[in-house]
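K.L.:
Provided below are the primary sequence and the corresponding predicted coordinates.
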Amino acid sequence: MVCSVSICAGEIFELKAELNSDKKEKKKEAVKKVIASMTVGKDVSALFPDVVNCMQTDNLELKKLVYLYLMNYAKSQPDMAIMAVNTFVKDCEDANPLIRALAVRTMGCIRVDKITEYLCEPLRKCLKDEDPYVRKTAAVCVAKLHDINAQLVEDQGFLDTLKDLISDSNPMVVANAVAALSEIAESHPNSNLLDLNPQSINKLLTALNECTEWGQIFILDCLANYTPRDDRESQSICERVTPRLSHANSAVVLSAVKVLMKFMEMLPKDLDYYSTLLKKLAPPLVTLLSAEPELQYVALRNINLIVQKRPEILKHEMKVFFVKYNDPIYVKLEKLDIMIRLASQANIAQVLAELKEYATEVDVDFVRKAVRAIGRCAIKVEQSAERCVSTLLDLIQTKVNYVVQEAIVVIKDIFRKYPNKYESVIATLCENLDSLDEPEARAAMIWIVGEYAERIDNADELLESFLEGFHDESTQVQLQLLTAIVKLFLKKPTETQELVQQVLSLATQDSDNPDLRDRGYIYWRLLSTDPVAAKEVVLAEKPLISEETDLIEPTLLEELICHIGTLASVYHKPPSAFVEGSRGVMHKRLPARTGSGESTESPDVGTAAGGSAPEAAPSIIPSQGDLLGDLLNLDMAPPTTSGPPPPTTGMQMGGMDLLGGGLDSLVGISHSVDPYAATPGQLVNPFWVKWSLRSDGVLCLQVWLPAMKAKGLEISGTFARRAGVIQMELILTNKAMSVMTDFAIQFNRNSFGLAPAGPLQVLTPLGPNQTIEVSLPLSTVGPVMKMDPLNNLQVAVKNNIDVFYFSCQYPISMLFVEDGKMERQVFLATWKDIPNDNESQFQIKDCHLNSDAASSKLQGSNIFTIAKRTVEGQDMLYMSIKLSNGIWVLAELRVPSRLSMCFRIMFLFIIQAFTVFFPQPR
Amino acid sequence: MIGGLFIYNHKGEVLISRVYRDDIGRNAVDAFRVNVIHARQQVRSPVTNIARTSFFHVKRSNIWLAAVTKQNVNAAMVFEFLYKMCDVMTAYFGKISEENIKNNFVLIYELLDEILDFGYPQNSETGALKTFITQTGIKSQSKEEQSQITSQVTGQIGWRREGIKYRRNELFLDVLESVNLLMSPQGQVLSAHVSGRVVMKSYLSGMPECKFGMNDKIVIDKQGKGGGNGCQSIAIDDCTFHQCVRLSKFDAERSISFIPPDGECELMRYRTTKDIILPFRVIPLVREVGRTKLEVKVVIKSNFKPSLLAQKIEVRIPTPLNTSGVQVICMKGKAKYKASENAIVWKIKRMAGMKESQISAEIELLPTNDKKKWARPPISMNFEVPFAPSGLKVRYLKVFEPKLNYSDHDVIKWVRYIGRSGIYETRC
């Protein structure tokens, strides 16, 4: 919606006359009117020449108004904006430093190419002005100019001048230079622009004590990007930053907390200073809660992160997070979140009393969250479970509809955690059956009825009552009802045969939902073939649910800790999720702990950030959608995912791929700048060399044949598998002076018999500086010879000039065929038959996929998941791959937990032929 | 950094719009109006993300201030800036209202140009700004004045200018505390804390070096047997200081030294949670008599020296929404049922320490078929007492001005303690 308020011609005419008046006062009034119109969105660009004419004045106030107008309209009238240049250039030489600064400040805001050309000289002078006020303004102007024309700034050498300003004698100039450089550096992630070293850090720390509150923020935020060389340097910086924790400005405090949280990573935990620092952090964080509500909100979102990263800091401060009656709702919801995180055996009584109080408040979201929190407490602190349950029962007695429903949902989780302990409450729950209208609550109730069918006399009646409107229920409820009735049948077969048939036919014959139908059929077959097995499957013991919930995934948490105080920490999302363009793409990481003198540079991709090993991984139940879990009827959302996330922030974000890179991360390349630049030897197993795919399965373009070696012909290319056909994508560039024709291609014998399936289709001659893209389909029926490495391919390309040879490596995954899904039975049988020699295993680090996501990612590359099970909180995926030459590869992928970063892959090479290539695959 | 700053009236009409960055367009102005101002109660966060643009807002009476950005800015800084912006505007033209903003829009633009450059906050100390941005047109300045301005705006002591002279050197210290309490119906303290401020008004010549001392437990303990001079020390949980205070010195020696801004400034904020003197105790008794009647009895007890007087006492007893009538009897002060606020408001002008007073009320209820029970909001209290509930005492404030001929003894100093109720609630 563009709001353009029309302005009538008469008004414009009148203003024009006034602007051209001789009287200064009248002129000024007219310009004021123009600015007023501009503010409300009226288009006053027609007055451009008249307003610019008023610019030449010694009245500073009038000048400022004209400048304001110029900044708004110069872009739409670039030619006329030139008229203003002279005045600007002249003003930059004015005797009054305020006017010099004003001119250079305004000029930088006018985004017209021609003007920027004229800006360079005045800017250069102003950067070296004798007056600090002018210098500090000029420093920011460099950032402005960089935003308009980055190349110009580099060419003119402004960056070096800006770097010099970091050593300026005036603290504010330093602060602004730091701010400008940090911003410019953000758009050049690889440049070493800020060049932070112990000397410059020392300068910054000195300026920190002297500059304004805002300057302190710029400097602290910049410091946070620095990685100290060792723990000693880290400690000395921390010592000099801690006084900032007493600053009145909350942003200074939060930025200081960020620096400390980050540098603390490097300190040895047994150091006295480490524990001193931990103690020093708590009071300022608590003080933030007496700031204005908006700042409290920012602080609470950050505390939420800090509590997850270092729970010890605030573990004794539970009381300050108690909700006040008059807190704004956004503060209340955040406080509640932190209360749950801090709940422990020591404080549970107090917490519970508070939560009970909250559950009687007015705001629906808040009450729901409070009720849910009571359930969380029960799960987290076993000693309190009984009290929690009785509190929940009290709440159910209030008969407030949404309270009852929320309570039932959490009681279901409590049953999961403490099976066979609180069945006595079922009767109370059943009384409220009719009032449940939310799917989640209905599903929870049905689950409870099914699970404890043998103890509920009228379980069949209860379930039957739901069956009447089966097709009007949501999927969640339908699935649950189906499972519950099957359970009931297995427990009381004699009375419920009719019921089970009814639900099976509803699910399989009358439903359009494939999930429901599939599950219906599975049950049907299970029941008809082997009821005993069915009983074992459906009534199997369920794994425990996790204690901690809603934890932020560790790598994301680390990144967010590096962004304390910023929007990212408020949204709990990495900057790339809400910032456009190149800014924010850089991932920040916590430094690794190192001893004195050791280098912190850790280029190895696999190195997990030090000191960041996740706390004991909570046990997790398999999430929705997996086969075994399905049959165990665990599709009830576990607490980790229960319900939509509470609308705490009220922001609407587009969907985003938090996992980012996909497969690359799976094979061990984490947040390195260029994930595709994997070089051999970086990865553990030759089998995986170069298997650095984009998530869409296309390998990144590599230069195979540089022009230097091939008389001007440059070949770069990649491999892809499309619709079952392996394609070699070639890009031929003619960098020579003459035309190239008569292209042909040939492969040497190779491990998998790859050969061109047709001739190289370069029909037109390739002229100088021309580029052509060719796609060459490959077959796998060519002659075979074992290569080293296995996936090496030697290629010859001929043209009218000469024959050129090069070799390239293709990703093994190109050879995975579409029908590589092994039958389950066959899989089980073969798995046992494979000799141990044929086994290879390795770990993938820094991978933040859960097993389901991993499975679906891998499926995209024709690695099929055959089965999945969960053992002691670890997800085990069993997978099969079939290579184009008929070799099967079976794999087991172990995901220690949803939160862990480690994958473990075990390969079993089964067919004799393979061992020919691969005599001892490590 | 901040991409743009908008000010709206309660209807969502733009009063001020200043764009600093190219990535913020005019449509951002409308996006905020439509999605936040017109959405009324649905927006439940001070930070809103609309189409990858983030909006920060604060409200002052019915005026909305919104900062807009597309980058990952320092969120705490943006809010601090918005508050500062409000302070600066208030210092220039008083209350932030639609009329005042409209009347001063030129001034506001001028300020915005000065205190925010390319979205980076610059010096925003009113003292410094007032030297060169004025409402009455620009003063013609001599060359010396100009350089004095610029060095002040960018200098280490940006909050004070040189050459201030007073005939009488005088300073006022106000220790303002707000005491917060949450008490259970049984009289158990669920949480209590004091958040205090030391506000200093100084009229001192030159560049005076000041040193402030109070009965901080850490300092007293360090000096050894500090209790000897009858001064009880208090444990301060945390404190923050005005930017004039040398933080590194405080960190190292816990001494508070500074050169104050001229006029008023908030020198320090602090928080204590231990040994708080709770000036009042509220004892509620609520009895439900059947479905249509409620009996409420509230006793308040004052708990401080009998020689002191508390003022402006107000007890607010919430009533259910379906209240049809209320009868009140109180021993002291005046009590009234205010239907629009759903509360009985009991006001007492003055009350000495160690006294007790009581109110009883009968509340008639309309029968409802609303299943939801009445939430029973807590009983809240307001008051003002002439002492610091935290126990904080000012020990000294020394002034040194080596260049001018006045000494610490010549400065007239005033200290005042005021304790007010913050959120002082007792559940019933």
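P.N.:
Thanks, I have the structure now.

K.L.:
Centroid-wise, who is the farthest residue in chain B?
P.N.:
Most distant from the centre of chain B: residue B:290, at 43.7 Å, with distances by C-alpha atoms, centre = their mean.

K.L.:
What's the separation between it and chain A?
P.N.:
Computed as C-beta to the nearest C-beta, to the nearest Å, the residue B:290 to chain A distance reads 19 Å. No exception for glycine: its C-beta is placed from N, CA and C like everyone else's.

K.L.:
so where's the chain uncertain?
P.N.:
You didn't pick a chain, so chain A it is. For chain A, residues meeting the criterion pLDDT under 70 lie at A:1-8, A:189-191, A:549, A:581-586, A:593-700, A:836-837, A:840-849, A:872-873, A:896-922.

K.L.:
my question was about chain B
P.N.:
Looking at chain B by pLDDT under 70, you get B:41-43, B:135-141, B:224-231, B:370-373.

K.L.:
residue boundaries of the helices in it?
P.N.:
B:26-32, B:75-93, B:98-103, B:105-115, B:126-129, B:143-154, B:217-223, B:247-253 (DSSP state H).

K.L.:
Return the most buried member of these.
P.N.:
For the helices of chain B, average neighbour numbers computed from mean count of other C-beta atoms under 10 Å in any protein chain shown are highest in helix B:75-93, which has a mean of 22.

K.L.:
now that one against helix B:105-115, angle please.
P.N.:
140 degrees (axes from the mean of the first three to the mean of the last three C-alpha atoms, to 10 degrees).

K.L.:
any bit of helix B:75-93 sitting next to chain A?
P.N.:
Yes - if you take C-beta under 8 Å from any C-beta of the partner chain as the test, helix B:75-93 does meet chain A, through B:75, B:76, B:77, B:79, B:80, B:81, B:82, B:83.

K.L.:
Next one: residue A:239 from residue A:259, what distance?
P.N.:
According to C-beta to C-beta, to the nearest Å, residue A:239 stands 11 Å off from residue A:259.

K.L.:
Is it correct that residue A:33 falls within a helix?
P.N.:
Yes - with DSSP: H, G, I helix; E, B strand; the rest coil as the criterion, residue A:33 is located in a helix.

K.L.:
residues near residue 167, how many?
P.N.:
Went with chain A since none was named. Counted with other C-beta atoms under 10 Å in any protein chain shown, residues neighbouring residue A:167 total 13.

K.L.:
meant chain B actually
P.N.:
Residue B:167: 7 surrounding residues under other C-beta under 10 Å.

K.L.:
tell me the phi and psi of it?
P.N.:
Here the main-chain torsion angles of residue B:167 (degrees, to the nearest 10) amount to phi -70, psi -40.

K.L.:
Can you show me the CA trace of stretch A:496-506 as PDB?
P.N.:
Extracted in PDB, the C-alpha atoms of stretch A:496-506 (Å, rounded to 0.1, in the frame of the first residue of the first chain):
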ATOM      1  CA  THR A 496     -15.000 -54.900  21.000                       C
ATOM      2  CA  GLN A 497     -14.700 -56.800  17.800                       C
ATOM      3  CA  GLU A 498     -17.400 -54.900  16.200                       C
ATOM      4  CA  LEU A 499     -15.900 -51.600  17.200                       C
ATOM      5  CA  VAL A 500     -12.500 -52.400  15.800                       C
ATOM      6  CA  GLN A 501     -14.000 -53.400  12.500                       C
ATOM      7  CA  GLN A 502     -16.000 -50.300  12.300                       C
ATOM      8  CA  VAL A 503     -12.900 -48.100  12.900                       C
ATOM      9  CA  LEU A 504     -10.700 -50.000  10.500                       C
ATOM     10  CA  SER A 505     -13.200 -49.700   7.800                       C
ATOM     11  CA  LEU A 506     -13.700 -46.000   8.500                       C
END
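
K.L.:
now it: how far from the chain's centre is it?
P.N.:
Centroid separation for stretch A:496-506 versus its chain: 45 Å, with C-alpha atoms, centre = their mean, to the nearest Å.

K.L.:
Going by neighbour count, which residues of the helix or strand hosting residue A:298 are buried?
P.N.:
Under the criterion of DSSP states H and E, residue A:298 resides in helix A:293-309. Neighbour-count burial for helix A:293-309 flags A:294-309 (criterion: 16 or more other C-beta atoms under 10 Å in any protein chain shown).

K.L.:
and of those, the nearest to chain B?
P.N.:
residue A:294 (4.1 Å; C-beta to the nearest C-beta).

K.L.:
With residue A:473 as the reference, measure out to the closest one.
P.N.:
42 Å.

K.L.:
do the same with residue A:347
P.N.:
In terms of C-beta to C-beta, residue A:347 sits 41 Å off from residue A:473.

K.L.:
Check residue A:892 too.
P.N.:
Applying C-beta to C-beta to residue A:892 and residue A:473 gives a distance of 38 Å.

K.L.:
now the angle from the strand or helix carrying residue A:63 to helix B:105-115?
P.N.:
Here residue A:63 sits within helix A:60-73, counting by DSSP H and E. If you take the same axes, to 10 degrees, helix A:60-73 sits at 80 degrees to helix B:105-115.

K.L.:
which outside residues touch helix A:60-73?
P.N.:
Helix A:60-73 has contacts (C-beta atoms under 8 Å, 6 or more residues apart in numbering or on different chains) with A:24, A:27-28, A:31-32, A:34-35, A:38, A:44-45, A:48, A:51-52, A:54-55, A:57, A:81, A:84, A:98-99, A:102, A:106, A:109-110, B:19, B:106, B:109-110, B:113, B:137-138.

K.L.:
same check, this time on stretch B:299-311
P.N.:
Residues contacting stretch B:299-311 (C-beta under 8 Å, 6+ apart): B:277-283, B:313, B:315, B:349-358, B:381, B:383-387.

K.L.:
go on, stretch A:876-883?
P.N.:
Outside stretch A:876-883, the residues touching it (C-beta under 8 Å, 6+ apart) are A:752, A:812, A:815-817, A:819-822, A:827, A:831, A:851, A:854-855, A:858, A:862-870, A:888-895.

K.L.:
Same question for stretch A:484-500.
P.N.:
For stretch A:484-500, the surrounding residues in contact (C-beta under 8 Å, 6+ apart) are A:446-447, A:449-451, A:453-454, A:459-460, A:463-464, A:467, A:503, A:523, A:527, A:531, A:534-535, A:538-539, A:633.

K.L.:
same check, this time on stretch A:393-406
P.N.:
Here stretch A:393-406 has contacts from A:356, A:359-360, A:364, A:367-368, A:371-372, A:374, A:407-408, A:425, A:428-429, A:432, A:435-438, A:440-441, B:371-373, using C-beta under 8 Å, 6+ apart.
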